Every structure is written in C-alpha cells, then in structure tokens.
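Colleague: need a 3D model of the following:
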Amino acid sequence: MKTHRQGSQTLLALVPHRDVRLVLRKYSETLFRAGFAGAYLFPWVAPLAVLSRPLNADELKHCARALREASLSAGGGKINAWETGTAAFSGYTLFGPRLDLAISSGVFGEEILQNSQLIIGSCLLTSAEHETCALPPAPQVSFRAAAVANMLWRPIETAVHPPGAAESGSGSFGCRWKIGKLCWLGK
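Modeller: Residues are numbered from 1 along each chain as shown. Below you'll find the predicted structure:
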C-alpha cells in the first residue's frame with residue numbers, strides 16, 4: 001500500500017467480522033440479480049475517512065480504541081445497522097446498511113475527512129440509479145467484532161464489460177481495492 005496510482009484513494013475502513021460480511025455478500029448477490037451492476041464494486045466495509053496517507057500501527061490502534069469507546073456509549077459495545085442508507089463516495093453513491101455509530105469529528109486527527117453517514121458498502125450506484133431505482137432494504141446486522149484498516153481503493157475503466165461492472169461512457173467502470181492489516185477493536 002505504499003504506492004498510489006492515479007485516481008486511487010487511501011481510506012480508513014471499519015471491517016466487520018467475516019460472519020457479517022457473509023450476510024452482506026449474499027445481499028450484494030440479491031442486488032446484482034435485481035440488475036444493480038455495482039453490487040460487487042466495493043468491499044463489505046464502512047469507509048470512515050479519506051486519508052492523506054496510510055495510518056501506522058499506533059494510529060490504527062488509537063482509531064480502534066476510539067471506535068470501541070463510541071460503540072460502548074452508543075450500543076453497549078455492539079455496532080448496529082437497522083436501516084438502509086447512502087453516502088456520497090468518489091462521484092458515486094455508496095449504498096448499504098447505515099451504522100448507528102456516532103463519531104466526533106476530531107477523534108481521528110485533523111487530516112481526516114469523515115463521510116456524512118457511516119455505510120457498510122453493499123453496492124456502488126451511479127447518480128441515475130440512485131435517483132430512479134427502488135433498492136431492496138439492506139439486512140439488519142449487529143456485531144461486536146470488527147477491525148479498522150487502511151484501504152486503498154482505485155476505480156478502473158475497461159474497454160470490455162466484465163461481470164459486475166457498471167457501464168460508464170465508452171467503457172466499463174470497475175474498481176480494485178486492497179485492505180491492509182486489520183487492527184481489531186478491543187473488548
């Protein structure tokens with residue numbers, strides 16, 4: 001994750017336990033079958049912030065402690081997603097379960113910009129899809145086990161239309177991502 005390619009973003013991501021990600025993967029499959037090609041264009045994580053650089057291990061530990069404290073005050077240590085939500089993301093709309101986690105603006109440091117809502121990515125929508133389509137509600141999830149990690153996300157434009165790629169102009173839109181080492185939220 002040391003190199004940045006043009007158009008890539010470094011994010012701080014909340015990574016739910018794999019059991020929750022399995023539920024979300026099945027939901028993305030439902031969205032894909034319903035005709036939403038962006039269902040597999042984002043990993044099943046919640047982007048917390050756009051970073052100017054990847055965080056080091058100590059900074060990730062600090063973020064993990066802050067998120068655990070926020071989850072303790074909000075839901076007794078559980079992170080819940082009872083409603084469907086959307087958030088603007090890199091010229092698209094990120095759709096999925098909206099987390100009930102409230103984080104103060106300065107908790108991660110000054111260099112980080114937060115999203116308006118914390119959404120676990122289940123589908124990446126174009127503005128046309130977001131405005132005109134009725135999306136099935138996201139599954140309700142609740143979890144204690146989660147981690148934070150650096151994530152590199154990069155959109156790619158291709159000439160062919162691979163499965164799961166949404167059309168955008170002359171080619172197809174797709175993306176690549178890499179999630180760094182996980183730093184688990186403590187008990």
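
Colleague: in the protein, where is pLDDT below threshold?
Modeller: For the chain, the stretches flagged by pLDDT under 70 are 1-6, 104-116, 128, 130-132, 157-173.

Colleague: in this protein, which helix is the longest?
Modeller: helix 57-75 (DSSP state H).

Colleague: right, and the helix or strand after it?
Modeller: Toward the C-terminal end, the helix or strand that comes next after helix 57-75 (DSSP states H and E) is strand 79-81.

Colleague: would you mind listing the buried residues in the next helix or strand after that following strand?
Modeller: Using DSSP H and E, the helix or strand that follows strand 79-81 towards the C-terminus is strand 83-89. By 16 or more other C-beta atoms under 10 Å, the buried positions in strand 83-89 come out as T84, G85, T86, A87, F89. No exception for glycine: its C-beta is placed from N, CA and C like everyone else's.

Colleague: who touches the residue nearest in space to the middle of the chain in this structure?
Modeller: Central residue of the chain (C-alpha atoms, centre = their mean): A46, 3.2 Å from the mean position. The neighbourhood of A46, defined by C-beta atoms under 8 Å, 6 or more residues apart in numbering, consists of A13, L14, P16, L99, L118, I119, I120, G121.

Colleague: who wins on neighbours among those?
Modeller: I120 (29 neighbours; other C-beta atoms under 10 Å).

Colleague: and the longest strand for the chain?
Modeller: strand 146-158 (DSSP state E).

Colleague: residue ranges of the helices in the protein, please?
Modeller: So, for the chain - with DSSP H - the helices run 18-33, 57-75, 127-132.

Colleague: and the angle for the second one with strand 146-158?
Modeller: Counting by axes from the mean of the first three to the mean of the last three C-alpha atoms, to 10 degrees, helix 57-75 lies at 110 degrees to strand 146-158.

Colleague: can you pull the buried residues of helix 57-75?
Modeller: Neighbour-count burial for helix 57-75 [16+ other C-beta under 10 Å]: E59, L60, K61, H62, C63, A64, A66, L67, R68, A70, S71, A74.

Colleague: nearest to N150, of these?
Modeller: Closest approach between the buried residues of helix 57-75 and N150, by C-beta to C-beta: L60, at 7.4 Å.

Colleague: surely that closest one is in contact with C183?
Modeller: Yes. With contact defined as C-beta atoms under 8 Å, L60 and C183 form a contacting pair (3.9 Å).
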